[in-house]
Structure formats: structure tokens, C-alpha cells
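*Asks:* fold the following and give me the result.
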Amino acid sequence: MVRYLSEDIAMSDLLIRLTKRAPSDYVLTCVRADGSTTTQRTHGESAKSFPFHDLTHFAVETVLGHRQGFYGLVCDGWQLADFTQPGTSARLPDAAVANEALVGLFDGERASGTQWTAAGFNDSLAQYLKTAGRAPAAPLSENDLARVRAEHARLAALWHALPVGGTLELAYARNP
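*Replies:* Residues are numbered from 1 along each chain as shown. Next up is the predicted model:
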């Protein structure tokens, strides 16, 4: 079973395929506009949470227009394995570091079961970026957070409904 979330997948910069092979077996495949692909398979306990992390990236990057985040770098030719190599964080642009930190904050919020305020997100993000020696990020509003949460909830519901063997396809456009 395949679900398409865009009628115009052929016009996207990146086709993101999330495949549920088993409850603890997940495959992420990204197909660039030029036809090149990168794939990563995750097994075990992390395969239960990684789809939601990847969906958070999609929600943050599309809702907030962060085009230099994880999927933007994949569009630029990064391989999924590149993100797991030692020293990767030093090679990331400031915008990608901020995006990853923001995704981590959303993941932490979901894990805690408590919705954080925009002030809490902004303070945590600013402190992280300052400690990492990175440029500050634009502050988020309560509306920004609500829109990202709503998009993530929609995507997570589709993922939960997907049967084993099913693939969720998302079209990512750099310049929507």
C-alpha cells in the first residue's frame, strides 16, 4: 500500500519514502529530482521512533520553510549515511544545526507528554545554539508551534494507519 500526499510528486525536489517493514524495521529512501537515491534501514528499538523523527523534520521544514534542514541537505546531494559520520555536525550549516535542534525539541516535547510554550522553545533553542557557537535562529510563535504540531499529528496518523509493508510517500519542494 502506498499513500501519496501530493498530487504533483513528479514536480518535487525530493520524494521521501518511509516504509514500514515491521514494527521494528523501517526504511527511509529519498529520491532526488535527478533520480539519484539514498536509503537507510533502521532496525530494533530506534526503528520505532525514527519514522516520527523523520516526520518531524518534514513538518518543521515544510511548515516553517526551513530549506537548509535535513531534507534540504539531502536535496543538495548528502547521503543519509553522511549524517552518521564522525564530525558531521561541524560540517553542517548553521541553519541545519538550528533545524536539527528544533526537531529534537519537538521530539522531547512528545516524549514528555507536555506541550511547551514558544518562549520555552525559543529559550532552549537559543541556549543550544549559543553553546554550540552557532548563529541564533529566528524566534517561533505559538502559531508556528501549533502548525508544526498539527502537521506532525496528521503525518503520524498516516504512519500509524500504514500496514506492515506499506510506504508513505511525501513530496518535498525546496521552493513551494
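*Asks:* in this protein, what spans have low per-residue confidence?
*Replies:* Applying pLDDT under 70 to the chain flags the ranges 1-11, 176.
*Asks:* quick one: the helices in it?
*Replies:* Secondary structure of the chain by DSSP state H: the helices cover 46-63, 70-75, 88-91, 94-112, 118-131, 142-161.
*Asks:* now the ones you listed in JSON lines, with distance to K20 and mean neighbour count?
*Replies:* To be clear about C-beta, it is placed using only N, CA and C from the backbone, and glycine gets the same treatment. Shown next, in JSON lines, are the helices of the chain (distance: least, C-beta to C-beta, whole Å; neighbours: other C-beta atoms under 10 Å):
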{"stretch": "helix 46-63", "distance to K20": "7", "mean neighbour count": "20"}
{"stretch": "helix 70-75", "distance to K20": "19", "mean neighbour count": "22"}
{"stretch": "helix 88-91", "distance to K20": "27", "mean neighbour count": "11"}
{"stretch": "helix 94-112", "distance to K20": "19", "mean neighbour count": "18"}
{"stretch": "helix 118-131", "distance to K20": "30", "mean neighbour count": "15"}
{"stretch": "helix 142-161", "distance to K20": "7", "mean neighbour count": "15"}
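*Asks:* as CSV, those helices with distance to T39 would be great.
*Replies:* CSV is the format used below for the helices of the chain (distance: least, C-beta to C-beta, whole Å):
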stretch, distance to T39
helix 46-63, 13
helix 70-75, 11
helix 88-91, 18
helix 94-112, 20
helix 118-131, 30
helix 142-161, 18
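*Asks:* ok, which of the ones you listed comes nearest S12?
*Replies:* helix 70-75 (9.6 Å; C-beta to C-beta).
*Asks:* which secondary structure elements does the closest one contact?
*Replies:* strand 14-22, strand 25-32, helix 46-63, helix 94-112 (3 or more C-beta pairs under 8 Å, 6 or more residues apart in numbering; DSSP states H and E).
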